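K.L.:
Starting from these lines, generate the structure:
(chains A and B)
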There are 2 protein chains.
Amino acid sequence: MAQITNHIENFKMNINEDFVRKAQELEPDLHYKTVRPAQLVSFQPSDAPDKPDGWDLPVHNRADQVFDWIPCRMKPVEALDTMPLSKGSSVCLDFGTHHVGYISFSLTPAGSPPDAPAHIRIKLGEMPCEIMEDTASYQGSISSSWIQEEYLHIDELPARISLPRRYAFRYMELKVMDTSPKYQVLLSDVSCDTVTSGDMSQVEPLNENVPEDLKRIDAIALKTMEDCMQSVFEDGPKRDRRLWIGDLRLQALTNYETFKNYDLVKRCLYLFAGLTQNEHHVGACLFLRPAPMVDDTSLFDYGLFFISCLHDYYQATGDRETLIHLWPAAYHQAELALKRLDERGVVKDSSDWWCFLDWNDSLNKQAGAQGVLIYTLRQALYLARLMCSETSGAESVKQLEGWIETAVRGALEYLWDKELQFFISGQDRQVSWASQIWLVLSGVLDQESNRRLLEHLIKEDPPVGMVTPYMYHHFIEALIQNDMKETALRYIRFYWGQMADMGADCFWELFNPRDRYASPYGSRIINSYCHAWSCTPSYFIRKYFN
Amino acid sequence: MAQITNHIENFKMNINEDFVRKAQELEPDLHYKTVRPAQLVSFQPSDAPDKPDGWDLPVHNRADQVFDWIPCRMKPVEALDTMPLSKGSSVCLDFGTHHVGYISFSLTPAGSPPDAPAHIRIKLGEMPCEIMEDTASYQGSISSSWIQEEYLHIDELPARISLPRRYAFRYMELKVMDTSPKYQVLLSDVSCDTVTSGDMSQVEPLNENVPEDLKRIDAIALKTMEDCMQSVFEDGPKRDRRLWIGDLRLQALTNYETFKNYDLVKRCLYLFAGLTQNEHHVGACLFLRPAPMVDDTSLFDYGLFFISCLHDYYQATGDRETLIHLWPAAYHQAELALKRLDERGVVKDSSDWWCFLDWNDSLNKQAGAQGVLIYTLRQALYLARLMCSETSGAESVKQLEGWIETAVRGALEYLWDKELQFFISGQDRQVSWASQIWLVLSGVLDQESNRRLLEHLIKEDPPVGMVTPYMYHHFIEALIQNDMKETALRYIRFYWGQMADMGADCFWELFNPRDRYASPYGSRIINSYCHAWSCTPSYFIRKYFN
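P.N.:
Okay, the predicted model is just below:
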């Protein structure tokens, strides 16, 4: 996800001090581990005809289908010892896989005594394109400040340099901008102190008879989870490095099948309920530093997903105390969302950034939003009935039942196109993958009709497709819930398996099999290549195929 | 001065631990003072036709003859409070005069909560050209790493930022490279903790009847001294930030008339004697950090100036203990220099960087070097005679007398051109200002002939002129020593007075009245605008015109 200007007029944050304190008490310990680069590497364009001369190791074809850069000219890290770097020269280190952490290295002068500062540039990239493509050419819609590139002057050499910022990366390039004609620098002892609140030892191994390719996909998804588990569940450790509720929902589902860090989910739930927007609407995302704060981005679906997150958390933990605390906030999200229903029982459409669903610019959100509404109202009803078994709450149950009935009727009467046999969305009656999937998940049709709709969807393949693992997740979930597990597995292999084949260390924020340059932000170098919402293969594999 | 590749083959540093310890014991206290910007400023090209609109204060014509940039659009610093800075916008602060120190400032977000790091650029300049000219266009011969420009990412806002490096500057520009479309930053509370080992309270005021223009020149020279007085006498606080013996000699002379920090000179003398090059040659410059170390640059004149520095120090202090310690090292420099005399008693010429004299590429160094040799041998003889009054040393006196006689005869027989009535230098019999001046200072002619030669020099104005205040210093000294004080004063006013009229806060490393773009390094933005060797007007004014 990323920032889009839809901030609220006269934005004001409501703070529930008790909830925030509770969240802060649940702040997890962070685990640190020192890792070192695996090798030196260069990259050549995948259309380059020849392998460069003078290098010891063979050209490796990992990633030669991704992003046009082939790793080549690998050398052992020890080669740095005899590689003095002068003005303009650079070296790229490959840490072997994705890491999140803090970089340190030593620079030693070679030649005459250093008679000018060393001026260096450090680039860190999750993918080769981030190293190889010119930062200055970035003209994307979100801030270039996310690009992991630093310029440093070092006045005294030798020096041990510890960069203060946290990076997400596999590749680290050091380029000497200048030293002086009289000396060069030697790079040595490069390390990264990785950081995570995830504890991989809590994750059970898969059954041995799980196919190897699924094991590989599961391992990449676990690595994605691990690197996104920090002080909260971050969406991506490179960008945006914060708590988005859309990501949280899928991370939490995966967490229950893997890391089982229930307290981290609980912390995030208390943060969202403790820091709300105008009218106590749950925000789309939160900042933790310098102090916990809700962003002024408000999204229809993301607000409703607070209900989902609480529902799933209760199902996983049976933690009734938390449910009692947070149920009023959850119910209130349903009340707020209902204001958007028109007299027909259909969610009002608009052209601004009011509902997310997927990063597809051409997607109309109305039908998908209707699906999300019904889906989350049903989860709210489940919780309301639980709460109702206490002294009160019958009113909420009745309200929710009524709302669901209205919204289901609205969906069936106004959004279902009998002729097309598809749900349509918006004034232009758009047929999209997202609309069908969310209305399948909402359960407005019976299972037989859902199955028919999903098969029809696959067969017709309407052009308004899915571009994120986030949307693919819902497609897989819809297939599984409608007894189409084999098809679901085929799509897991097609989508996440393809990323794995392309050498993904973690799963990516964006993957459009039809367009390797796809980015909603205007440049692939700003995409996140370790992204929480892409981690759900571990959820599916462990829950349904283990 | 600056690094030139003339490093010594098989360079090795000789360390006299006692001398180095002595030097370290003399490490001065540094005085810190917090200063704040005086105003906001912009610059327009001096050929720009119109004054920009919408600004309150009139165009100021300070510096409109320097470097093509006219300060304009001044605003009070308080204007920052209502000046949110977004992507691409910048603000330039004018601290009112030159400072050396450590910068701190606060950045506060405005708008939505910061949803991306702030990426900023800080430029610090002694002169407007450093702010306004594009750093990327620098193609000079010395390291671009001297350019005072930093790029910073700030992950958390609000933030108090203290830059770790020491800067020399008057102007500070902050440019926002990016924030995000959702927020801007406000700059506030900018300050600089200035640093110097100079104590201005030790400097006596000039007599009241000294003319105002000389008072102004003296004040600028004192500021230059103050900003160059750090842990040692630095050549320039922007660049090279180290102890060069050519600068030390002139700083020490000025110091005796002003700050009277005798211990700082003593410290520098012990450093040069304690850290020598191959054959115990005194190096041209020293580094202090991370540990004291002599550079591998070796210059004929700079080695000999160790004698000068010791001579002048003894004359100012009468510190016989230091003289006894350091005299052997001084005498040894004479012995080493004598090896360069040919059988005619003339210093051998060569085309490499063997002798400095001045930053004039076309200058042949032979005659000037001959002058420096005789000048410093005479000072050595003065010291030898002092030492001789102890139990031994008659041999040194005799040696020195012989060497002086040889070199004087060599100069008169082979370098004096009777027809031209000038000293000539090198195979091409070059006539330069530097050759005449140094051979005047060496005293090979009588005072009457010196005066005639200096008048002839001024009248004929040979094209190989002087380009540094360092060379102008020797011209002034030559005039004064030959009873031409009025002419000396005229040239002080012509040269340093012109810099003062151009708005100099400190005196510059380079000033060629014929070429405002002059730089021996290929770009004026890398020149030092607060440079030790330019501080001697205070020496002249206080010694001869007070």
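K.L.:
Report the separation between A:Tyr262 and chain B.
P.N.:
28 Å (CB to the nearest CB, to the nearest Å). Heads up, the C-betas are built off the backbone N, CA and C, glycines and all.
K.L.:
Return the distance of the longest strand anywhere in chain A from the chain's centre.
P.N.:
Looking across chain A with DSSP state E, the single longest strand is strand A:90-111. On the basis of CA atoms, centre = their mean, to the nearest Å, strand A:90-111 sits 26 Å off its chain's mean C-alpha point.
K.L.:
Kindly report the same for stretch A:14-23.
P.N.:
With CA atoms, centre = their mean, you get 26 Å for stretch A:14-23.
K.L.:
buried sites along that stretch?
P.N.:
Neighbour-count burial for stretch A:14-23 flags A:16, A:19-20, A:22-23 (criterion: 16 or more other CB atoms under 10 Å in any protein chain shown).
K.L.:
Inside helices: which ones of the residues you listed?
P.N.:
Residues of the buried residues of stretch A:14-23 located in helices (DSSP state H): A:19-20, A:22-23.
K.L.:
quick one on the thing from earlier: list the neighbouring strands of the longest strand of chain A plus their orientation.
P.N.:
With DSSP bridges as the test, strand A:90-111 is paired with strand A:39-45 (antiparallel), strand A:159-162 (antiparallel), strand A:167-178 (antiparallel), strand A:183-196 (antiparallel).
K.L.:
If you count neighbours, what's buried in that strand?
P.N.:
A:91-95, A:98-103, A:105-111.
K.L.:
Ok, stretch A:181-193 next?
P.N.:
Result for stretch A:181-193 [16+ other CB under 10 Å]: buried residues A:181-188, A:190-192.
K.L.:
Strand A:90-111 and the lowest-mean-pLDDT helix or strand in chain A, what's the angle between them?
P.N.:
Counting by mean pLDDT, DSSP states H and E, chain A has its least confident helix or strand at strand A:69-75, which shows a mean of 88. For strand A:69-75 against strand A:90-111, the angle by axes from the mean of the first three to the mean of the last three CA atoms, to 10 degrees is 30 degrees.
K.L.:
chain center to strand A:69-75: distance?
P.N.:
On CA atoms, centre = their mean, the centre of strand A:69-75 falls 28 Å from the chain's centre.
K.L.:
same thing with stretch A:187-203?
P.N.:
So, by CA atoms, centre = their mean, the centroid of stretch A:187-203 is 20 Å from its chain's centroid.
K.L.:
Of all the residues in the stretch 301-450 of chain A, which one is nearest chain B?
P.N.:
A:Trp353 (12.2 Å; CB to the nearest CB).
K.L.:
sec struct for that residue, please.
P.N.:
coil (DSSP: H, G, I helix; E, B strand; the rest coil).
K.L.:
for it, phi and psi?
P.N.:
phi -90, psi 80 (degrees, to the nearest 10).
K.L.:
burial count for it?
P.N.:
Other residues within reach of A:Trp353, judged by other CB atoms under 10 Å in any protein chain shown, total 14.
K.L.:
Same list, the ones in helices among the buried residues of stretch A:14-23, but as CSV with distance to chain B please.
P.N.:
Formatted as CSV, those follow (distance: CB to the nearest CB, whole Å):
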residue, distance to chain B
A:Phe19, 19
A:Val20, 16
A:Lys22, 22
A:Ala23, 17
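K.L.:
what's the closest of the residues you listed to B:His456?
P.N.:
Checking those against B:His456 with CB to CB, the nearest one is A:Val20 at 86.7 Å.
K.L.:
At the contact with chain B, which residues of the stretch 201-350 of chain A appear?
P.N.:
By CB under 8 Å from any CB of the partner chain, the part of the stretch 201-350 of chain A that sits against chain B consists of A:239-240, A:242, A:287, A:289-290, A:293, A:295-296.
K.L.:
at 10 Å instead, please
P.N.:
Contact residues (CB under 10 Å from any CB of the partner chain) of the stretch 201-350 of chain A with chain B: A:239-242, A:283, A:285-291, A:293-297.
K.L.:
Write a PyMOL command that selects only the buried members of these.
P.N.:
To isolate the buried subset of those in PyMOL, counting by 16+ other CB under 10 Å, use the following:
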select buried, chain A and resi 239+240+241+242+283+285+286+287+288+293+294+295+296+297
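K.L.:
Doesn't A:Ile131 belong to a helix?
P.N.:
Yes: judged by three-state DSSP, A:Ile131 forms part of a helix.
K.L.:
do you know how far the residue found closest to it once you drop the neighbours it is linked to in the chain is from B:Gln202?
P.N.:
Using CB to CB, 6 or more residues apart in numbering or on different chains and skipping the chain neighbours, the partner closest in space to A:Ile131 is A:Gly125 (4.4 Å). Separation of A:Gly125 from B:Gln202 (CB to CB, to the nearest Å) stands at 56 Å.
K.L.:
Show me what the longest helix along chain A is packed against.
P.N.:
Ordering each helix of chain A by length in residues (DSSP H) puts helix A:366-388 first. Applying 3 or more CB pairs under 10 Å, 6 or more residues apart in numbering or on different chains; DSSP states H and E, one finds that helix A:366-388 contacts helix A:300-317, helix A:320-338, helix A:394-410, strand A:422-423, helix A:433-441, helix A:469-481.
K.L.:
Kindly provide the whole-number mean pLDDT of whatever helix or strand comes next after the third one.
P.N.:
In this case it means helix A:394-410. Using DSSP states H and E, the helix or strand that follows helix A:394-410 in sequence is strand A:416-417. The average pLDDT for strand A:416-417 rounds to 98.
K.L.:
Sheet partners, orientation included, of strand A:416-417?
P.N.:
strand A:422-423 (antiparallel).
K.L.:
which residues touch the partner strand?
P.N.:
A:366-368, A:370-371, A:411-412, A:414-417, A:429-432, A:434-440, A:442, A:444-445, A:453, A:456-457, A:460, A:462 (CB atoms under 10 Å, 6 or more residues apart in numbering or on different chains).
K.L.:
Could you report the distance from A:Phe233 to A:Tyr313?
P.N.:
On the measure of CB to CB, A:Phe233 and A:Tyr313 end up 12 Å apart.
K.L.:
same thing with A:Tyr302?
P.N.:
Taken as CB to CB, the span from A:Tyr302 to A:Tyr313 is 16 Å.
K.L.:
Under the pLDDT cut-off, which ranges of the stretch 351-500 of chain A? List them.
P.N.:
Counting by pLDDT under 70, the stretch 351-500 of chain A shows low-confidence ranges at A:390-391.
K.L.:
my bad, should have said chain A
P.N.:
Looking at chain A by pLDDT under 70, you get A:1-6, A:47-67, A:390-391.
K.L.:
try 90 this time
P.N.:
A:1-10, A:44-73, A:388-394, A:502-503, A:512-518 (pLDDT under 90).
K.L.:
Most remote residue from the middle of it, which is it?
P.N.:
Here the centre of chain A is the reference, and by CA atoms, centre = their mean the most remote residue is A:Ser112, at 48.6 Å.
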